[in-house]
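Visitor: Give me the fold of what follows.
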Amino acid sequence: SSQAVELLPAQSEETPWVNNLNTDLGREAGPVYQFDGSNGVIIPESVLAHNLGSEFTISTWMKHERQTNDKHLKEQLVCLADDHRKNRHHTSLFVRNCKLVLLLRRDYKEDERNVFKPAEWRWSIPQVCDNRWHHYAVSVSSQGVELTLDGELWQPENNNPEVIDDWPLHPAADLKTTLAVGACWHGSDLKMKHSLRGYLAGLSILPGKREHSEVLKCLVQCSESLQLPATNLLEPGMEMVTNSHGSQVTIDGEDAENMNQLVRQVAYLNTREFPAPGRRRLEMATKITCVDGTKRQVPFALSGILVLPVPQPTITISGTENISREYEPFKRGVRIFADLRISVSRGEGEVEPIDGVETKLDRCSISVFPPLNPDHEEIHLPESMLKALNIGGSISNNGWEIIGADMVYNYEQIVRQVTYSNQKPAYYLNRQFKIVCSELNQRFVSNEFVETLTVVHPAVASDGVIPPHPSHHQVSRYAAELPSAHLLTQSRPYFSTANPEQGNAVVVVVIVCMGLLVTVLSVGVVRLRAAHNRSHADEVEVDCEWEGAPNITVNPLEESETGENMCHPTESDIDEGSSDDEMYEEESEEDDEEDNTPTKERLAWEKDI
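Guide: Now for the predicted structure:
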């Protein structure tokens, strides 16, 4: 029904609650989600109101197998429980011990607070754990609860389903509810519990009323039907009719030959693009009316149709895996997948043409790790081409994505125009980009193609020394760019007029240094002069002391006449001059000899005369 609310729609920006779920790569119809026993999703209340009403229908496709021998393990498909403080389950559909169980707790009513009513229905059916796809629909109404299995109403058996009675829930005005799929939210623990391990598809809830049985049957059978023969084969008096689902054809008439011809023309039709493989059972019941008016039943004729699995398409992405560019191309922008090629094959040796008339891709994703640095790295999409083809594109630091069904050729042309720019390529050795494409809602996914862009760095510097690789350095936000070292020559001025403030500072420094030098020289000259004056004063003082001492004069004539040495000082003279003798007793004997020798010589000459 169009009024049913889909809880597990296809992944998109409008359905964020399913975007983190795992998708099955081998699915055969519609979006299929895999639950691994540890995950579950919360459905926003804006999608479905939590008051389902007195009548509603829960329907879903499920593929499940027995996981453990624990008979008390619950695996929730849908669960409506308290949002905090308590763990009361209001409505839930779950699997326990390979039984399909519906829990429906009544709200509190004063007149029914002590009334037991059915609250749990347990169906023991083998389909729950046979690891095959089956369609389940549970309808609740005032007449009771019904299960529709694979489009057919399931008939109750002896104590199957098992019905359990219970009291209504206790009143709690401050509590709200949370709707979860694949698990159940426990408000007291604020986490998911009773997670499902299996596959779900087409999970929907129709609130306020029951789904019609014909609709449930068509969900399973409408894609497969029996086709009537052409009407021009009918002879007069012959009639052909079929039921609403196309699962039964009735041919009535009196012409046996025409009857045989029409039966041979009945065909089986399966409109699914990837039908579920397996054997379809066909039964033919025949009744004959004899001439006497009696009717006889001809034994059943059984036959079958074997539906083979359709060869699943294989999407292959190929191209050049390594591209090397220098700094400038990276700054201008480099096409990442310039020669990328996308091909689709169906079966062995059967490759579709690249123009993709029959096959359409619906998604291509490019991822980069580690994420881009938005300060100097960017990815550019061909916006004009995307707009012309009505394909959406989104960019993030982790990569980009284009979404929209279109031919393989158009996707190929779009991907080839994607460019990557880097304004600081010296910081990198290389960058790796991974691309994955898919079709039919990610039903079939391509291989992961990795492209490596390598930065070509200058090998040798001008002075012949190999510089360290720039990509080996971690650049700090506080680093400063310093000018390269150079030699100063006489032809290069020390002061540049281009920066007057810098030149003035140098002049001031030079003047201060010259002032200090002059001061030091002046102090040195003053100290040298002072030392010279002190030495001159000492010499003058010594001369003055010699003038004040007693002088002895010897007359050689008197010595020659008397023959005696007249230079005998008196005792008083010696005493008076004792201090002077002591002062000069340190004079060398050589001076005394030099003074006495000429005196003797003169005396001798005078005696001869």
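Visitor: Listing request: residues of the stretch 401-550 of the chain with sub-threshold pLDDT.
Guide: When residues are selected by pLDDT under 70, those of the stretch 401-550 of the chain lie in 441-442, 460-503, 536-550.
Visitor: the helices in it, which residues?
Guide: 408-416, 500-547 (DSSP state H, counting those that start in this stretch).
Visitor: if you compare those helices, which one is most tucked away?
Guide: helix 408-416 (a mean of 20; mean count of other Cβ atoms under 10 Å). Where C-beta positions appear, they are placed from N, C-alpha and C, glycine not excepted.
Visitor: coming back round to it: reformat the helices of the stretch 401-550 of the chain as JSON lines; add distance to residue 269.
Guide: What follows is those, written out as JSON lines (distance: least, Cβ to Cβ, whole Å):
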{"stretch": "helix 408-416", "distance to residue 269": "28"}
{"stretch": "helix 500-547", "distance to residue 269": "91"}
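Visitor: I'd say residue 267 and residue 226 touch.
Guide: Yes - with contact taken as Cβ atoms under 8 Å, residue 267 and residue 226 are classed as touching, separated by 7.1 Å.
Visitor: of these two, who's got more company?
Guide: The residue with more neighbours, out of residue 267 and residue 226, is residue 226; 16 against 11, by other Cβ atoms under 10 Å.
Visitor: Not counting sequence-adjacent ones, nearest residue to that one?
Guide: The shortest distance from residue 226 to any non-neighbouring residue, by Cβ to Cβ, 6 or more residues apart in numbering, is to residue 249 (5.0 Å).
Visitor: What is the burial count for that neighbour?
Guide: 19.
Visitor: Then residue 69?
Guide: With other Cβ under 10 Å as criterion, residue 69 counts 7.
Visitor: For it, which residues are in contact?
Guide: Neighbouring residues of residue 69 by Cβ atoms under 8 Å, 6 or more residues apart in numbering: there are none.
Visitor: hang on, it in a helix?
Guide: No - under DSSP: H, G, I helix; E, B strand; the rest coil, residue 69 sits outside any helix and is assigned coil.
Visitor: Quick check: pLDDT value at it.
Guide: Looking at residue 69, its pLDDT reads 75.
Visitor: what's near enough to touch the residue positioned nearest the centre of the chain?
Guide: Among the residues of the chain, the one closest to the centroid is residue 398, at 5.7 Å (Cα atoms, centre = their mean). Residue 398 is in contact with 367, 368, 369, 371, 372, counting by Cβ under 8 Å, 6+ apart.
Visitor: any chance of these in TSV, with neighbour count and distance to residue 300 too?
Guide: Below are these laid out as TSV (neighbours: other Cβ atoms under 10 Å; distance: Cβ to Cβ, whole Å):
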residue	neighbour count	distance to residue 300
367	17	58
368	20	64
369	11	63
371	12	66
372	19	68
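Visitor: Can I get those in TSV including distance to residue 158?
Guide: TSV is the format used below for those (distance: Cβ to Cβ, whole Å):
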residue	distance to residue 158
367	57
368	63
369	60
371	62
372	66
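Visitor: Out of these, which is nearest to residue 39?
Guide: Nearest to residue 39 out of these is residue 367 (Cβ to Cβ; 21.6 Å).
Visitor: Hmm, residue 395 and the closest one touching each other?
Guide: No - at 11.9 Å, residue 367 does not count as touching residue 395 under the criterion of Cβ under 8 Å.
Visitor: wait, residue 208 sits on residue 56?
Guide: Yes - using Cβ under 8 Å, residue 208 is in contact with residue 56, at 6.7 Å.
Visitor: okay, these two: which has more neighbours?
Guide: In this view residue 208 and residue 56 are compared by other Cβ under 10 Å, and residue 56 has more residues nearby, 21 against 13.
Visitor: nearest spatial neighbour of residue 275, skipping sequence neighbours?
Guide: Using Cβ to Cβ, 6+ apart, the closest residue to residue 275 is residue 307 (5.5 Å).
Visitor: Which phi and psi values does that neighbour adopt?
Guide: phi -90, psi 110 (degrees, to the nearest 10).
Visitor: same check, this time on the one 5 residues further on
Guide: Per-residue torsions, residue 312: phi -80, psi 140 (degrees, to the nearest 10).
Visitor: What is the burial count for it?
Guide: 15.
Visitor: shouldn't it be in contact with residue 444?
Guide: Yes - in this structure, residue 312 is within contact of residue 444 by Cβ under 8 Å, at 6.1 Å.
Visitor: give me the low-pLDDT residue ranges for this structure?
Guide: Using pLDDT under 70, the chain drops low at 1-2, 24-30, 221, 244-245, 273-274, 276, 347-358, 441-442, 460-503, 536-609.
Visitor: where do the helices sit along it?
Guide: With DSSP state H, the ranges of helices along the chain come out as 213-221, 256-264, 327-332, 383-389, 408-416, 500-547, 556-562, 571-576, 578-583, 589-608.
Visitor: Touching the fifth one from outside, list them.
Guide: Residues lying outside helix 408-416 but in contact with it, judged by Cβ under 8 Å, 6+ apart, are 335, 337-344, 352, 354-356, 359-361, 364, 366, 381-382, 385-386, 389, 391, 402, 435, 437.
Visitor: what about it, distance to the chain center?
Guide: 25 Å (Cα atoms, centre = their mean, to the nearest Å).
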